[in-house]
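Undergrad: let's see this in three dimensions:
(2 chains)
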Amino acid sequence: MGKIAYQKAPDVPSYIDLRARLTVRNRGLRDKVMSLPDALSLVKDGDHVAIGGNTFSRTPFAAVWEMIRQKRKNLTISRSITSTEGDLLLASGCVDKYMTSWFGQGIVWGLSRVLRDYVENKKVIYEEWSHMSLGMMYRAGAMGVPFVPTRVMMGSSLPEALRTKLETISCPYTGDELLLLPALNPKVALIHVQRADKYGNAQYDGLPFMDNDMAMAADRVILTTEKIIDNDDIRATPEHTRIPFMAVDAVVEVPGGSAPHECAGYYDPFYPQMGTYAALTRKGGVAAAQEFIQNNVYAPDNWDGFLGNMDMASIVSESHR
Amino acid sequence: MTNPDYTTLELLSIMCSRSMVDGHIVFAGVGVPLLGATVAQQTHAPSLTILFEGGIVGPFIQPGRLPPSTNEMRTAEKANMLLSPTDVLALMQRGYVDIGFIGGAQIDEYANVNSSYIGPHKSPLTRLPGTGGGNDIASLADTIVIMPHTKRRIVNEVDFITSPGYCQGGSSRKDSGLIAGGVKRIITDLCIFECHAPGYKLVVTAMHPGVTKEQIAENMQFAPTFANELEISDAPTNEELDILRNIDPDRMYLG
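TA: Numbering: from 1, shown residues only, chains lettered A, B, ... in the order given. Got it, this is the predicted structure:
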C-alpha cells in the first residue's frame, strides 16, 4: 500500500495549470491517425485514465487491451459503471485506484471475483461514487469549474469510504444544504465511436453516455473508431459530431474495438463469450482472470488475433459489410 | 414461503407491477423493477414511462429480449429519447420522476439500503457491486425498495448506507440535506412495509396471501410493527403470471 498512499484523487487541478496543459497541446486541424500501440503509448504510468462508454456498451475495449499489453502501472481508472474491462485492468496489475459507481460484468453474471479479491484484500484503493456524481464530476471538469453542487450522496456512508474529503455548503441563495462534487480532469480519456475523421471529429450512435463531458475534461483523448470517414462526410452532418477534433490527440481505426462489448449499429454484446469469462473467474478467481489475460491479451499478435481467439472475428467483419 | 402457483421472484414482480400507476414516470433498474414495469405497461398502466440510468427515456422492453444491464442498447428498445446518464439522473434531481425503484443486499428499520459492503467497509467480508444509480434514486425521488424477506437482508443495522432511507429516523434525513424524496414502501415476498412521519420506521401495512405475522417476524432481525388496518394482498392472477412469464421466457431474471 505504500506506493499508493501519496496518490491524490480526484485531483482538482489549479485552474491556471489546467489551462496551461491545454495551451501546450497541439489543438489544430491535423492528421492524428496512428496505430493502436502508438496511440496507447500516450498513456504514462501513474496517469488517471477515464474510460468511455458504460458497462458493456461502446467500451473502448481495444484501447484498454493495448494499455494492459503495454503494462502501464499505478493508474487511476475512472468509469461510471464497470464491466469486464475492470476485471482485466485489476488482475493485470495496472491499477492503484479505481473510481466507479458499480462493478460487475453485468447483473446476470453475479459478483466480480476479481473485484472482491482486490477490495477485500486491500490490493486497490476503491472509491465508490454515485452514478450521477461521476457524471457531474466529469461535467465540472469539462466546464472548467472546480465543483458542481448536487443533492446526492448526503446522508449515506459513501463519503466516509472515500479518500477524497467531500465538502458541503449551505446555499447562499436558498439555504439548502448541497454537496460539492469535485471536478474530474482525467489525464487521458479512452473513447470508442462508430465513426470519426482523421482529425478526430467523432460521431457516435445509440447511448451517448458521458463521453462528451469526459473528452472535454481530459488533458488527452485517445479515440478508437469502427471506421475512419472523410472529413467531407463530417461536414455534411456536423450536428451529429459529439466530440470536436480539438479535444482529440490520436485516432485509431479498430473494427470490433468494443468487442466483446456492444457497439450500436455494428454488433450486439457477445453474451456467450462474457458468460464463458464469468464462468472461468467464478471457478478460478483472480488466477483464472490472469490466465485469460495471458492467453487473450498478451499472447495474440494484434487486436485481430484477440478477435479470432475469442471467436468474434466473423461477426465483426460481417458487421462491416 | 413456497407456493405451487408462483415463485418468490414472480410474486415480487407482480407486487412491484401493481405499485406502478398509469401515467407515472418511474425510474427502474434491471431485474424485478424492469419486469414489474413491463407487466404494468401490458396490464393496468399502458402509458407508464420508464427511465433507465443508462440515459433511456420511455422504452418498451420486448418479451424475450431482456437486457442484462440498464446501460445497453437492448434497454433502449422503442425509447423516446437517449440522454447521457448524467442528464437522465438530473431529470430526477429536477423532480420529473414519480417513483424510483431500488433493490439491495440489506435494509434496516429506517429503510436505509446497503448494496456496497457486507462487514465494515474498511475490512469487508464481501465487496458487492455498489450503488450504480441507487444512491441517486434514494436521494432524489420517492422510492420503493424491492427486497426478498430474509433475516440476512432485513437487519437491525445495515453495514453501510449506500442508499439512504430515513437515516437515523425523525428529521435526520432532511437534516443531512435530503429535503425531497424518501422511501415510501418496501415490497417483500411476504408483505408490504410503509414508512410514515414522524418516526419513519417500517410498518407492515399488507401481508401477501397465506402469510402469517409469525412468518414475517421470524424472517427479519428486528420485531415488526403491524398497522392497525392490515390488508391482505390479492394473489397474483393467472393473467398477470402469463404476461410476466411471456416477458421472461428464458427466465433470465425469474431464475
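Undergrad: contact partners of the one helix or strand A:A20 maps to?
TA: A:A20 belongs to helix A:15-23 when assigned by DSSP states H and E. Identification of contacts with helix A:15-23 by Cβ atoms under 8 Å, 6 or more residues apart in numbering or on different chains yields A:P13, A:G144, A:P146, A:N185, A:D219. The C-beta positions use only the backbone N, C-alpha and C, and glycine is treated the same way.
Undergrad: let me see the mean pLDDT of it.
TA: Across helix A:15-23, the average pLDDT comes to 94.
Undergrad: export that helix as PDB, just CAs?
TA: Taking Å, rounded to 0.1, in the frame of the first residue of the first chain, the C-alpha atoms of helix A:15-23 are listed here in PDB:
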ATOM      1  CA  TYR A  15      -7.400  26.300 -13.000                       C
ATOM      2  CA  ILE A  16      -4.200  28.000 -14.300                       C
ATOM      3  CA  ASP A  17      -2.400  24.700 -14.500                       C
ATOM      4  CA  LEU A  18      -5.400  23.000 -16.200                       C
ATOM      5  CA  ARG A  19      -5.400  25.800 -18.900                       C
ATOM      6  CA  ALA A  20      -1.700  25.700 -19.200                       C
ATOM      7  CA  ARG A  21      -1.800  22.000 -20.000                       C
ATOM      8  CA  LEU A  22      -4.300  22.700 -22.800                       C
ATOM      9  CA  THR A  23      -2.400  25.700 -24.200                       C
END
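Undergrad: I'd like the next helix or strand past that helix.
TA: Once the chain leaves helix A:15-23, the next helix or strand it forms, by DSSP H and E, is helix A:36-40.
Undergrad: after that next one, which helix or strand is next?
TA: Downstream of helix A:36-40, the first helix or strand assigned by DSSP H and E is strand A:48-51.
Undergrad: what average pLDDT does that next one get?
TA: Mean predicted confidence for strand A:48-51 is 98.
Undergrad: over to stretch B:133-142?
TA: 98.
Undergrad: how far is that stretch from where the chain is centred?
TA: Centre-to-centre, stretch B:133-142 and its host chain are 11 Å apart (Cα atoms, centre = their mean, to the nearest Å).
Undergrad: can I get it in PDB, CA atoms only?
TA: The C-alpha trace of stretch B:133-142 is given here as PDB (Å, rounded to 0.1, in the frame of the first residue of the first chain):
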ATOM      1  CA  GLY B 133     -27.800   4.900  -9.600                       C
ATOM      2  CA  GLY B 134     -29.300   3.600  -6.400                       C
ATOM      3  CA  ASN B 135     -28.000   6.300  -4.200                       C
ATOM      4  CA  ASP B 136     -29.200   8.900  -6.700                       C
ATOM      5  CA  ILE B 137     -32.700   7.400  -6.700                       C
ATOM      6  CA  ALA B 138     -32.900   7.100  -2.900                       C
ATOM      7  CA  SER B 139     -31.600  10.700  -2.500                       C
ATOM      8  CA  LEU B 140     -33.800  12.400  -5.100                       C
ATOM      9  CA  ALA B 141     -37.100  10.500  -5.600                       C
ATOM     10  CA  ASP B 142     -40.000   8.900  -3.700                       C
END
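Undergrad: close to chain B: what parts of the stretch 151-300 of chain A are there?
TA: For the stretch 151-300 of chain A, the residues in contact with chain B (Cβ under 8 Å from any Cβ of the partner chain) are A:151-158, A:160-161, A:168, A:176-179, A:206-210, A:212-213, A:262, A:264, A:268-269, A:271.
Undergrad: hmm, try it at 6 Å
TA: Within the stretch 151-300 of chain A, the positions near chain B by Cβ under 6 Å from any Cβ of the partner chain are A:151-152, A:154-157, A:161, A:177, A:206-208, A:210, A:262, A:264.
Undergrad: next, format those as JSON lines and append pLDDT and neighbour count.
TA: Shown next, in JSON lines, are those (pLDDT from 0 to 100; neighbours: other Cβ atoms under 10 Å in any protein chain shown):
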{"residue": "A:R151", "pLDDT": "98", "neighbour count": "20"}
{"residue": "A:V152", "pLDDT": "98", "neighbour count": "31"}
{"residue": "A:M154", "pLDDT": "98", "neighbour count": "23"}
{"residue": "A:G155", "pLDDT": "98", "neighbour count": "27"}
{"residue": "A:S156", "pLDDT": "98", "neighbour count": "27"}
{"residue": "A:S157", "pLDDT": "98", "neighbour count": "20"}
{"residue": "A:A161", "pLDDT": "96", "neighbour count": "18"}
{"residue": "A:E177", "pLDDT": "97", "neighbour count": "19"}
{"residue": "A:G206", "pLDDT": "97", "neighbour count": "20"}
{"residue": "A:L207", "pLDDT": "97", "neighbour count": "27"}
{"residue": "A:P208", "pLDDT": "97", "neighbour count": "22"}
{"residue": "A:M210", "pLDDT": "98", "neighbour count": "31"}
{"residue": "A:E262", "pLDDT": "97", "neighbour count": "24"}
{"residue": "A:A264", "pLDDT": "97", "neighbour count": "18"}
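Undergrad: from the contacts of helix A:15-23, list the buried ones, please.
TA: By neighbour count, with 16 or more other Cβ atoms under 10 Å in any protein chain shown, the contacts of helix A:15-23 hold A:P13, A:P146, A:N185, A:D219 as buried.
Undergrad: quick one: name the residues of the stretch 1-150 of chain B near chain A.
TA: Taking Cβ under 6 Å from any Cβ, the part of the stretch 1-150 of chain B that reaches chain A is made up of B:30, B:53-55, B:68-69, B:71-73, B:82, B:84-86, B:89, B:93, B:121, B:124, B:127, B:129-133, B:135-136, B:139.
Undergrad: let's go with 7 Å and repeat that
TA: Residues of the stretch 1-150 of chain B found near chain A (Cβ under 7 Å from any Cβ of the partner chain) are B:30-31, B:53-55, B:68-69, B:71-73, B:76, B:82, B:84-86, B:89-90, B:93, B:116, B:121, B:124, B:126-133, B:135-136, B:139-140.
Undergrad: in chain A, what residue is nearest chain B?
TA: When scored by Cβ to the nearest Cβ, chain A has A:G135 as its residue closest to chain B, at 2.9 Å.
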